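Asker: Mind looking at a prediction? Sequence and model below.
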Amino acid sequence: MYAFLARYFQMSKLAVILIDMIWVLGGYVLAYLLRFGFAPPRENIDPFIQLIPVIVLATYILFSMYGLYTIARKTLLDIVFSLGLSLFFLQLIVTTSTFFIREFAFPRSILIIAFFIQWFLLSVWRAIVLRVRRRVHGEKRILLIGSEEKLQKIGSSILGGQEGWYTIAHVLSPTDLKIRHIEDFPEWHAADTIALSNDLDEKMKKGLIESALAAHKFVLIEPAMQDIVLSRPQLLLFHDVPMIALTEFSIPEDLKLVKRWMDTVLAFTMLLVTFPLMLVVAALIKLTSPGPVFYRQERVTEGGKTFMLIKFRTMVKDAEKRTGPVLATEKDPRITSVGRVLRATRLDELPQLINVLKGEMSLIGPRPERPHFIEQFSKELPAYSYRHQVKAGITGLAQVVGRYSTSAEDKLALDLFYIKNYSLLLDVRILFMTVKVVLSKEAASGVSDNKKETFWVEVMDRSGRNQKIDVPR
């Protein structure tokens with residue numbers, strides 16, 4: 001079966017999309033059969049038939065937003081989780097659509113039954129797709145090249161959640177390559193993929209890329225800040241001389257207006273919907289811990305302007321009175337019991353909708369940081385000020401892709417990538433991905449204060465012998 005699918009479909013995106021639609025629509029049909037038998041009432045089946053185009057389009061958009069058409073290197077658990085979220089929003093869209101077509105006879109029981117049928121069928125189907133893609137893709141052997149500090153981070157990221165897709169076959173340092181040529185290492189010939197850290201000498205990096213491409217190897221490069229600055233360039237011709245014009249770190253003014261309109265409408269709607277929940281949260285904070293319900297803190301937004309960010313208080317009163325400004329850790333004793341739940345579910349961020357309505361923040365953008373930490377980060381990362389070319393956001397690309405404990409350098413790279421590649425569609429996708437992040441426990445973890453785990457790889461020493469070394473995860 002696997003060989004048949006791999007040979008005739010190669011798990012093409014089109015084949016996966018078509019079969020997805022069959023299972024989604026088939027789920028509704030099975031739900032009607034279970035609910036009404038083989039003779040469903042015409043007034044109940046007509047709304048479904050009319051909404052088939054909406055269902056197909058919404059399914060494709062939702063599956064795309066949750067990355068279900070790029071499932072390579074994803075785990076089955078992540079795929080099933082993303083399917084559940086997509087199908088949940090699909091039922092909401094179908095329910096809303098019935099009001100627009102004035103067809104109120106679409107049974108709500110059908111939506112509930114169809115959700116579970118679709119989730120089961122699609123999960124089984126995607127498990128088969130994942131299995132075939134792993135068979136076709138195979139486990140790629142990666143050769144890591146870079147400094148020890150960088151390899152620790154890259155190695156742990158590659159291994160994290162990539163089981164069955166990649167294995168780290170070997171690591172090399174710049175010192176190794178100064179002694180022997182890259183093609184003299186047997187591991188170079190055995191590796192399928194070459195991963196380069198961003199702190200390699202430019203001449204060495206250029207030579208490695210040329211050698212890898214000549215040997216038909218897949219190349220992964222950790223981007224440096226200048227690489228992000230150089231992304232999305234414009235090609236200009238001055239007679240017969242080509243020149244590259246760099247785009248600014250900013251959002252076009254016309255898109256800023258649309259973004260502000262979307263922020264206002266969505267923030268006002270979300271405030272109305274979540275107001276009862278916010279009252280409950282406020283009561284829990286007041287009853288379980290002495291101090292104010294809200295916590296106000298100075299943060300920095302667009303143009304380097306400061307404002308008072310509003311959050312639900314999650315720490316004990318005057319938490320930084322003795323310590324001063326410090327980042328929260330995973331088991332920070334200053335966090336209250338209710339505060340831990342609020343942080344894990346991101347409910348402590350809800351009052352920031354008020355900041356959005358006031359125009360101090362956007363729903364989507366780089367997270368606003370405190371002046372104290374901005375001063376520190378700016379000394380280490382000169383490009384840090386580019387984040388302030390747009391309004392700070394409640395959520396952002398760095399929050400849905402990274403974790404709470406992701407390094408400042410990596411968060412900055414993601415923030416700058418967001419600004420450089422801004423689109424309204426990207427904002428919508430980040431909003432949907434935020435729901436997934438809120439429901440994922442590990443994404444909300446604080447800065448780790450535990451001892452790091454390690455993985456080991458074999459490294460060739462100067463005498464040509466292999467030895468095992470530990471690389472912390």
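Answerer: Perfect, I can see it now.
Asker: Stretch 428-445: how far from the chain's middle?
Answerer: Relative to its parent chain, stretch 428-445 has a centroid offset of 8 Å by C-alpha atoms, centre = their mean, to the nearest Å.
Asker: tell me the mean pLDDT for it?
Answerer: Averaging pLDDT along stretch 428-445 yields 77.
Asker: One more: stretch 259-267?
Answerer: Mean per-residue pLDDT for stretch 259-267: 94.
Asker: Next: stretch 105-125.
Answerer: Stretch 105-125 comes out at a mean pLDDT of 92.
Asker: Work out the gap between that stretch and the centre of the chain.
Answerer: In terms of C-alpha atoms, centre = their mean, the centre of stretch 105-125 is found 27 Å from the chain centre.
Asker: List the buried residues in that stretch.
Answerer: Residues of stretch 105-125 classed as buried: 106-107, 110-111, 113-115, 117-119, 121-123, 125 (neighbour count, 16 or more other C-beta atoms under 10 Å). Backbone N, C-alpha and C define where each C-beta goes, glycine included.
Asker: And the next helix or strand past the one helix or strand Phe88 maps to?
Answerer: Here Phe88, judged by DSSP states H and E, is contained in helix 76-100. Of the helices and strands lying after helix 76-100 in sequence (DSSP H and E), the nearest is helix 108-137.
Asker: residues in contact with the helix holding Phe88?
Answerer: Defining contact as C-beta atoms under 8 Å, 6 or more residues apart in numbering, one finds that helix 76-100 is touched by 24, 47, 51, 54-55, 58-59, 62-63, 65-68, 71, 104, 106, 108, 111-112, 114-115, 118-119, 122-123, 126-127, 130, 161, 432, 435-436, 439-440.
Asker: where along the stretch 351-473 of the chain do the strands fall?
Answerer: For the stretch 351-473 of the chain, applying DSSP state E, counting those that start in this stretch gives strands covering 362-364, 393-395, 454-460, 466-472.
Asker: The second one packs against which elements?
Answerer: Helices and strands in packing contact with strand 393-395 are listed as helix 352-357, strand 362-364, helix 424-438; criterion 3 or more C-beta pairs under 8 Å, 6 or more residues apart in numbering; DSSP states H and E.
Asker: Quick one: those as a markdown table, columns for distance to Glu187 and mean neighbour count too.
Answerer: Shown next, in a markdown table, are the helices and strands packed on strand 393-395 (distance: least, C-beta to C-beta, whole Å; neighbours: other C-beta atoms under 10 Å):
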| stretch | distance to Glu187 | mean neighbour count |
| --- | --- | --- |
| helix 352-357 | 49 | 20 |
| strand 362-364 | 43 | 26 |
| helix 424-438 | 37 | 18 |
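Asker: Figure out which of those is closest to Ala212.
Answerer: Using C-beta to C-beta as the measure, helix 424-438 is the one of the helices and strands packed on strand 393-395 that comes nearest Ala212, at 30.4 Å.
Asker: Contact partners for the residue most central in space within the chain?
Answerer: Taking C-alpha atoms, centre = their mean as the criterion, Val401 is the residue nearest the geometric centre of the chain, at 2.5 Å. Applying C-beta under 8 Å, 6+ apart to Val401 gives the contacts Leu414.
Asker: list the buried ones in the top helix by length along the chain?
Answerer: The longest helix of the chain (DSSP state H) is helix 253-288. Neighbour counts over helix 253-288 (16+ other C-beta under 10 Å) mark 256, 259, 262-263, 266-267, 271, 278, 281, 284-285 as buried.
Asker: Could you do stretch 187-207 as well?
Answerer: Using 16+ other C-beta under 10 Å as the burial criterion, the residues of stretch 187-207 that qualify are 187-188, 191-198, 200, 205.
Asker: How far away from the center of its chain is that stretch?
Answerer: The chain centre lies 26 Å from the centre of stretch 187-207; the measure is C-alpha atoms, centre = their mean.
Asker: For it, C-alpha coordinates in PDB please.
Answerer: Coordinates of each C-alpha in stretch 187-207 appear next as PDB, following Å, rounded to 0.1, in the frame of the first residue of the first chain:
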ATOM      1  CA  GLU A 187      31.400  12.100   7.400                       C
ATOM      2  CA  TRP A 188      31.100  14.800   4.700                       C
ATOM      3  CA  HIS A 189      30.400  12.100   2.100                       C
ATOM      4  CA  ALA A 190      27.900  10.200   4.300                       C
ATOM      5  CA  ALA A 191      25.800  13.300   5.200                       C
ATOM      6  CA  ASP A 192      22.700  14.300   3.200                       C
ATOM      7  CA  THR A 193      22.400  17.700   4.800                       C
ATOM      8  CA  ILE A 194      24.900  20.300   5.900                       C
ATOM      9  CA  ALA A 195      23.900  22.800   8.700                       C
ATOM     10  CA  LEU A 196      26.100  25.900   9.100                       C
ATOM     11  CA  SER A 197      26.000  28.200  12.100                       C
ATOM     12  CA  ASN A 198      26.000  32.000  11.500                       C
ATOM     13  CA  ASP A 199      29.300  32.600  13.300                       C
ATOM     14  CA  LEU A 200      31.500  30.900  10.600                       C
ATOM     15  CA  ASP A 201      34.000  33.000   8.700                       C
ATOM     16  CA  GLU A 202      32.400  34.300   5.500                       C
ATOM     17  CA  LYS A 203      35.200  32.800   3.300                       C
ATOM     18  CA  MET A 204      34.800  29.400   5.000                       C
ATOM     19  CA  LYS A 205      31.000  29.600   4.800                       C
ATOM     20  CA  LYS A 206      31.200  30.400   1.100                       C
ATOM     21  CA  GLY A 207      33.500  27.500   0.400                       C
END
